[in-house]
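Novice: Here is my input, please return the structure:
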Amino acid sequence: MAALEEYVRLEDPNMLIAALCIILKPGIWTVMCRSEYRTRWMTNLFRSKYTACSVMAVTILLMGAVRDSLYMTAMQGQPSLPALHLPVVGYAIAATGSLFVLSSFWRLGWYCTFMGDYFGIHLDERIYSFPFNVLDNPMYWGTTLNFVGTAFVMGSPAGLLLCGLIVVCYKVLLRLEEPFTADIYSKRGLEQKKV
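Specialist: Modelled structure (predicted):
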């Protein structure tokens, strides 16, 4: 098999910009949401936790659109590998990913999909039905599957390499997010017992 350098040009500025955006997107929303949780600066600014959370949601969606566009641009500027050009497999993987993303959104609703718990917006109880009974964090892993599927549709080794970066970023994010979210719900449980 040919050397990786033949199929992935790491010096390509589009590749570097896409990688930077992949790293920054979850970092930015994590910092913003944690600072909101501690200070309520967005809630105070917009005078409503629902409006503040919606602004965060739009911010996350816009950052996602930029990241997705940069991912596509990076792949289009890279060589493809015929052995990876598997459109049917790619579409099947992306469809599975979309199923996880859309069903997560359906179960969580607008606010809880977009970090509502950091804004004081909580579900009444934990969700144990699909897709949460299939895997933890189906929104993150479904999104990852969408990127993997796209890489196979395009036959892009560079796309798969960027997918590896996405996995690393989500793993780091979850190591930070899960205990913090558990603490939020633990404090909420104690507050409800006092009432």
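Novice: Which strand or helix spans residue 122?
Specialist: With secondary structure defined by DSSP states H and E, residue 122 is part of neither a helix nor a strand.
Novice: wait, it sits on residue 181?
Specialist: No: between residue 122 and residue 181 there is no contact under Cβ atoms under 8 Å: 10.3 Å. Just so you know, the C-beta spots here come from the backbone N, C-alpha and C atoms, and that holds for glycine as well.
Novice: ok, and residue 92, which helix or strand is that part of?
Specialist: helix 87-113.
Novice: Residue 128 in helix, strand or coil?
Specialist: Secondary structure, DSSP: H, G, I helix; E, B strand; the rest coil: residue 128 is coil.
Novice: helices or strands next to the helix holding residue 92 in the packing?
Specialist: Packing partners of helix 87-113 (3 or more Cβ pairs under 8 Å, 6 or more residues apart in numbering; DSSP states H and E): helix 49-76, helix 138-154.
Novice: among the ones you listed, which is nearest residue 109?
Specialist: Set against residue 109 and scored by Cβ to Cβ, these come closest in helix 49-76, at 10.8 Å.
Novice: Which neighbouring elements make contact with the closest one?
Specialist: Judged by 3+ Cβ pairs under 8 Å, 6+ apart, the packing partners of helix 49-76 are helix 13-39, helix 41-46, helix 87-113, helix 138-154, helix 157-194.
Novice: Any idea which of those gets closest to residue 53?
Specialist: helix 87-113 (5.1 Å).
Novice: what angle sits between that closest one and helix 49-76?
Specialist: 160 degrees (axes from the mean of the first three to the mean of the last three Cα atoms, to 10 degrees).
Novice: what about helix 87-113, distance to the chain center?
Specialist: 11 Å (Cα atoms, centre = their mean, to the nearest Å).
Novice: Where does residue 133 sit: helix, strand or coil?
Specialist: coil.
Novice: nearest residue to the most centrally placed residue in the chain other than its sequence neighbours?
Specialist: Geometric centre of the chain, nearest residue: residue 140, 4.6 Å, by Cα atoms, centre = their mean. Computed as Cβ to Cβ, 6 or more residues apart in numbering, the closest residue to residue 140 that is not its neighbour in sequence is residue 170, at 4.7 Å.
Novice: So, low pLDDT: which residues of this protein?
Specialist: Low-confidence segments of the chain (pLDDT under 70): 1-4, 188-195.
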